[in-house]
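# Give me a model of this one.
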Amino acid sequence: MSKIINPHAMFFEKVFSRKDVAVDLIQNYLPKEIINDLDLSTLQLENKSFISNELKSSQSDLLFKVLTKDCNAVFIYFLLEHKSFVDRWVMLQLLEYIIQICDEQRAINKQKRKEIRAKNIKNEKPENEGIDTEYLYPIIPVVFYHGKTEWNLNKDFSELFHKGYIYKKYLPDYTFELINTANYSDDQFKGNVILRVSLMAMKHFFMDDFDTKIPELLCLLADLVEQIDSEIGFLEVLLRYLSANKKHNKKWLQRNLKRAFKDKGGNVMTSIADIWIEEGIEKGKREGKKEGERLAAKKLIAKQMAKKFNINLKRIMPRLNPLRTNDIMELGEYLLAMNTFDDANRWINARKKQIKMMTQ
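Okay, the predicted model is just below:
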């Protein structure tokens, strides 16, 4: 499975996979009758994702399993829509994920029944002894939405179908819980500091008030987190997420961080500085790798040209300087059909003109 790098996905998965944050989220944003039926001390993250690679750029998911107070299991499935607009097909996608979770439960149950039957046969007992009627665990779907466009979709699956109101009784019937960050003012967000700050960050990421709200958010975090040293990991995740917003550069974010955490001691500021240094090193490595690939291609094609046209390598290398890696490799493909160095020169000059026009 290919890895999809998306700032919303990374932030959502790293923060909301924490048990303390997930428990706080459930306690504050799910219906009371559900909360009262659950033993949240048993909450555990299932290390599974049901989203296809094609949709990972716009969705993220987390699946939790929790026991009820009478010791039955329930799944809570969180789906983050990290698009800036409302997708009217979310209920169809959500239904697909629910079915996948059910299919997985059935596969597990089938294996358990197989093991029980094998044990019964070995012990000369009736084959189906100890096998009860199969039931699936309930699944509570929860959709996160933090886009800029107003959520204006009904939770009615039949509306996706032409004349669905006529054929409604033949269509799947289910609903989901919606956490739409735009529906909350900042002081209405409930939960511990990490949860509140995370929801605020997600809310304002797409909003026009990003430049005024993020400094307030950082000050809130600095004021409310008593042991900030213990939450350096969260601060790092938060900074990486906020820095993905291109409305301001990192210097702007650094200035606001210093103002917010100026009284929190040297450890915090050192850790913050380490984050930027590490990111700079990683960026340098990526850029260095690309340049290394270009130089290797350049040397390879230059050697081929020197041998084919019987020309000194030092004369060829400068001619290839402006070309990008894909240009150089394309030149190598055409090289077999070229008869003279002048042919190669004409191709190189034409490509240089194209590159110049693209950069103007």
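
# So which residues of the stretch 151-300 of the chain form helices?
For the stretch 151-300 of the chain, helices defined by DSSP state H, counting those that start in this stretch occupy the ranges 193-205, 210-224, 232-243, 250-260, 266-309.

# which one of those helices lies closest to residue 342?
helix 266-309 (9.2 Å; C-beta to C-beta). All C-beta spots, glycine's among them, are computed from the backbone N, C-alpha and C.

# if I've got this straight, residue 77 is in a helix?
No. Read with DSSP: H, G, I helix; E, B strand; the rest coil, residue 77 is strand and lies in no helix.

# Can you get me a residue count around it?
Counted with other C-beta atoms under 10 Å, residues neighbouring residue 77 total 21.

# And residue 256, by the same measure?
19.

# Could you report the pLDDT at it?
Looking at residue 256, its pLDDT reads 85.

# again with residue 212
90.

# What count of nearby residues applies to it?
10.

# List the contacts of it.
With contacts defined as C-beta atoms under 8 Å, 6 or more residues apart in numbering, residue 212 has no neighbours.

# Can you tell me how far it is from residue 219?
As judged by C-beta to C-beta, to the nearest Å, residue 212 and residue 219 stand 12 Å apart.

# contacting residues for residue 300?
residue 332.

# what's the spacing between the closest residue to residue 355 other than its chain neighbours and residue 298?
Distances taken as C-beta to C-beta, 6 or more residues apart in numbering put residue 322 closest to residue 355, at 6.1 Å, once the chain neighbours are dropped. Noted for residue 322: a distance of 11 Å to residue 298, by C-beta to C-beta.

# Those two - which one has more neighbours?
residue 298 (20 against 12).

# who are the neighbours in contact with that one?
Per C-beta under 8 Å, 6+ apart, neighbours of residue 298: 317, 320, 323, 328.

# Report how many residues lie close to the second one.
What that stands for is residue 320. With other C-beta under 10 Å as criterion, residue 320 counts 20.

# give me every residue that touches it.
298, 301-302, 328, 331, 348.

# redo that, cut-off 7 Å
Residue 320 is in contact with 298, 301-302, 328, counting by C-beta atoms under 7 Å, 6 or more residues apart in numbering.

# With the first one instead?
The contact partners of residue 317, by C-beta under 7 Å, 6+ apart, come to residue 302.

# in a helix, that's where it is, yeah?
Yes. Assignment of residue 317 by three-state DSSP places it within a helix.

# Now do residue 303 against residue 324, distance only.
On the measure of C-beta to C-beta, residue 303 and residue 324 end up 19 Å apart.

# what does residue 123 give?
With C-beta to C-beta as the criterion, residue 123 and residue 324 are 71 Å apart.

# One more: residue 14?
For residue 14, the distance to residue 324 equals 35 Å [C-beta to C-beta].
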